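Colleague: after the sequence you'll find the predicted model.
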Amino acid sequence: MQTQFSYAQEMDQSDVLIEYRNEFYVSEKKIYFDGNSLGLLSKRAELATGKILEMWKEYAIDGWTEGEHPWFYLSEKLGEMSSKLIGAKPKEVVITGSTTTNLHQLVASFYKPEGNKTKILADELNFPSDIYALKSQLNLRGLDPDKHLVQVKSKNGDTLETEDIIACMTDEIALIVLPGVLYRSGQILDMKTLTEEARKRNIIIGFDLCHSIGAIPHQLSEWGVDFAFWCTYKHLNGGPGSVGGLYVNEKHFGHEPGLAGWFSSAKDKQFDMEHTLIPAESAGAYQIGTPHLLSAAPLLGSLEMFEEVGIDKIREKSLRLTDYLMKLIDAELVEYGFTIANPRNDLSRGAHIFLKHPEAARICKALKAEGVVPDFRNPNGIRLAPVALYNTFSEVWQVVQILKTIMAEGRYKKYENKRGVIA
Ligand SMILES: Cc1ncc(COP(=O)(O)O)c(C=O)c1O
Ligand SMILES: Nc1ccccc1C(=O)C[C@H](N)C(=O)O
């Protein structure tokens, strides 16, 4: 194992994405390893936001149909720009809503309990918001979540086994909602196999791609995934609260969404103002009301970079970054009681490393004080996300050295081992 700094520097010199670091507002005083929670601002995103504001200034109401990026079509355009990231057809994707509201929309649309087939299958490791949404959807239908929500159990508390998920796909399951990449351990679920198995059993399946879009490649159309939803403020760098996204397989086009609104309309019919909805023949039908243009604007700039680079190059560098990070942790930090709790192999490792340690909360505080931005996940997890578009191998090396010093000198001990408000 090469533990010298010069090795990291060599890797940076041969990094084909190094130029993209300059596209972002990277603070030279900090090492930002939290792009899987909130991605950094890019100059192109800033510029694109300015352009949308300029359009408002110049065109006012006519901005809906005039100018460089007519607002009436922007959600669809951004959907098209995102489609390659998930292996979908342009019409199968739209930028709208948020992760949680899109999940509500998709469950309202695709959950059709009938006879014995009434249950929703999820897992016990998913982000809480998804579980809250699923429970509330069951409550709205007068079904008891304790009976109708099945959550696949994890054997080790960090990852899920494909066979365990398949074993839960019984005749009683009507709908499956799972993450593409788990938010804590960063495990990639085998979306292809799970979709095949769900389809054999005639179960609708959808994935939460919050931690996978912009981080790993997907082939949703080819796999036959029914629907997916995600946020755009993590790996896609759309900014705090940027508009989310959803995918619906084209075989489901032409139906009314569960939660309809006038933006669900076919574009040419929308302004007929009829009281009978004619839904768009695209994922656009799952929109509800007027798009949040100012929160979608940064994506025009940031998605352009993803189109330019392509997800394969991003994934390739990301795997090298996380591999290097794990090797340095193995070499330098064994004696300090860390456990690497993410999957190690390339097929099931997402874009962040998940370290477990009983003192994780205060180790994160010490890291922040030393200029490293990780995130803490209750009760004992440290997530470290070196992002392919703007982080370097030198930063990975530095983070491990800083962590080593914090542990060797016990610097974390001056903090309380308790999470902050936003951990
Ligand atoms: C996997 C996952 N699902 C859902 C959410 C909630 O997303 P939002 O608050 O944008 O609805 C997040 C993060 O916030 C997440 O990581
Ligand atoms: N939306 C947020 C608002 C505030 C603080 C964090 C978030 C996150 O997105 C957390 C992220 N979903 C996670 O995987 O932990």
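Modeller: Received the coordinates, thanks. Residues are numbered from 1 along each chain as shown. Ligands and ions are numbered 1, 2, ... in the order given.

Colleague: so the residue of the stretch 201-350 of the chain found nearest ligand 1 is in which element?
Modeller: Here the stretch 201-350 of the chain gets closest to ligand 1 at one residue, C210, 3.7 Å apart by CB to the nearest ligand atom. Backbone N, C-alpha and C define where each C-beta goes, glycine included. Under DSSP states H and E, no helix or strand contains C210.

Colleague: show me what contacts it?
Modeller: C210 makes contacts with 99, 127, 179, 181, 183, 230-231, 234, as judged by CB atoms under 8 Å, 6 or more residues apart in numbering.

Colleague: longest strand anywhere in the protein?
Modeller: strand 173-179 (DSSP state E).

Colleague: only alpha carbons, please: show that one as PDB.
Modeller: Provided in PDB are the C-alpha atoms of strand 173-179 (Å, rounded to 0.1, in the frame of the first residue of the first chain):
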ATOM      1  CA  ILE A 173     -47.200  -7.600  -1.800                       C
ATOM      2  CA  ALA A 174     -48.700  -5.100  -4.100                       C
ATOM      3  CA  LEU A 175     -45.900  -2.500  -4.200                       C
ATOM      4  CA  ILE A 176     -42.100  -2.400  -3.400                       C
ATOM      5  CA  VAL A 177     -40.200   0.800  -2.600                       C
ATOM      6  CA  LEU A 178     -36.400   0.500  -1.900                       C
ATOM      7  CA  PRO A 179     -33.400   2.700  -2.000                       C
END
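
Colleague: mind listing the strands it pairs with, and their directions?
Modeller: strand 119-123 (parallel), strand 204-208 (parallel) (DSSP bridges).

Colleague: which residues are contacting the first one?
Modeller: Think strand 119-123. Counting by CB under 8 Å, 6+ apart, 107, 111, 113, 130-131, 134, 137-138, 147-152, 154, 160, 165, 168-170, 172-179, 203 sit against strand 119-123.

Colleague: run through those residues and flag the ones next to ligand 2.
Modeller: Restricting those to those touching ligand 2 (CB under 6 Å from any ligand atom) yields no residues.

Colleague: what's the spacing between L182 and L347?
Modeller: 14 Å (CB to CB, to the nearest Å).

Colleague: burial count for Q219?
Modeller: Applying other CB atoms under 10 Å, we find 14 other residues in the vicinity of Q219.

Colleague: quick check: it vs A351, distance?
Modeller: Taking CB to CB, one finds Q219 at 18 Å from A351.

Colleague: kindly report the residues of the stretch 1-150 of the chain close to ligand 2.
Modeller: Contact residues, the stretch 1-150 of the chain versus ligand 2 (CB under 6 Å from any ligand atom): 37, 127.

Colleague: with adjacent residues omitted, what lies nearest to the residue in the stretch 151-300 of the chain that ligand 2 sits nearest to?
Modeller: Of all residues in the stretch 151-300 of the chain, Y183 sits closest to ligand 2, at 3.9 Å by CB to the nearest ligand atom. Counting by CB to CB, 6 or more residues apart in numbering, F127 is the residue found nearest to Y183 once chain neighbours are left out, at 5.0 Å.
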